[in-house]
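In: fold the stuff below for me.
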Amino acid sequence: QVQLVESGGGSVQAGGSLRLSCTASVRVFSTLSMGWFRQAPGKEREFVAALSWSWSGGSTYYGDSVKGRFIISRDNTKKTLYLQMNVLKPEDTAVYYCAASMGIVTGSGRDYDYWGQGTQVTVSS
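Out: The predicted structure follows:
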């Protein structure tokens, strides 16, 4: 069982930055694949970024709308996933969710087994 708790959301002006954190309650964090998704009011859930773990080293993926602005990273010693969000835009406003998987992931929410409760990010123009 994996429990995920997001933090770091808030309100920021366009052009600003925020860093989201997702702390996992799990015995072994280092071999989990992890991802970030978001959902804005009235819209479908959108893939943001992922770190897919594998014995050969894994892969990093970003959604097209955040490439070059967001950076996903992890600290296995702290069992924490991060999302550094730079040059924020009003269209980045959404609830951001952390997700975890025991297997290989891509940009599909179906790849993930566990989800956090979400943290609100609001970007004003």
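In: from here on, contacts and neighbour counts on C-alpha atoms
Out: Will do.
In: hang on, Gly63 packs against Phe47?
Out: Yes. Gly63 lies in contact with Phe47 (CA atoms under 8 Å); the separation is 5.8 Å.
In: who has more neighbours, these two?
Out: Phe47 (23 against 16; other CA atoms under 10 Å).
In: now the more buried one. Nearest residue, chain neighbours left out?
Out: Phe37 (4.6 Å; CA to CA, 6 or more residues apart in numbering).
In: also Arg69?
Out: Asn86 (5.1 Å).
In: need the residues touching each of Gly63 and Phe47.
Out: Both Gly63 and Phe47 are in contact with Gly107, where contact means CA atoms under 8 Å, 6 or more residues apart in numbering.
In: can you classify the residue minimising distance to the centre of the chain as helix, strand or coil?
Out: By CA atoms, centre = their mean, the chain has its centre lying nearest to Trp36, at 2.2 Å. Following DSSP: H, G, I helix; E, B strand; the rest coil, Trp36 is assigned to strand.
In: residues contacting it?
Out: Contacts for Trp36 (CA under 8 Å, 6+ apart) come out as 47-50, 83, 96-99.
In: of these, which is the most crowded?
Out: Result: Cys98 is most packed of the contacts of Trp36 (other CA under 10 Å), 31 neighbours.
In: name the helices or strands packed onto the helix or strand hosting Val123?
Out: Assessed by DSSP states H and E, Val123 sits inside strand 119-124. Counting contacts by 3 or more CA pairs under 8 Å, 6 or more residues apart in numbering; DSSP states H and E, strand 119-124 packs against strand 10-13, strand 94-101.
In: can you rerun that using 10 Å?
Out: strand 3-7, strand 10-13, strand 18-25, strand 33-39, strand 94-101 (3 or more CA pairs under 10 Å, 6 or more residues apart in numbering; DSSP states H and E).
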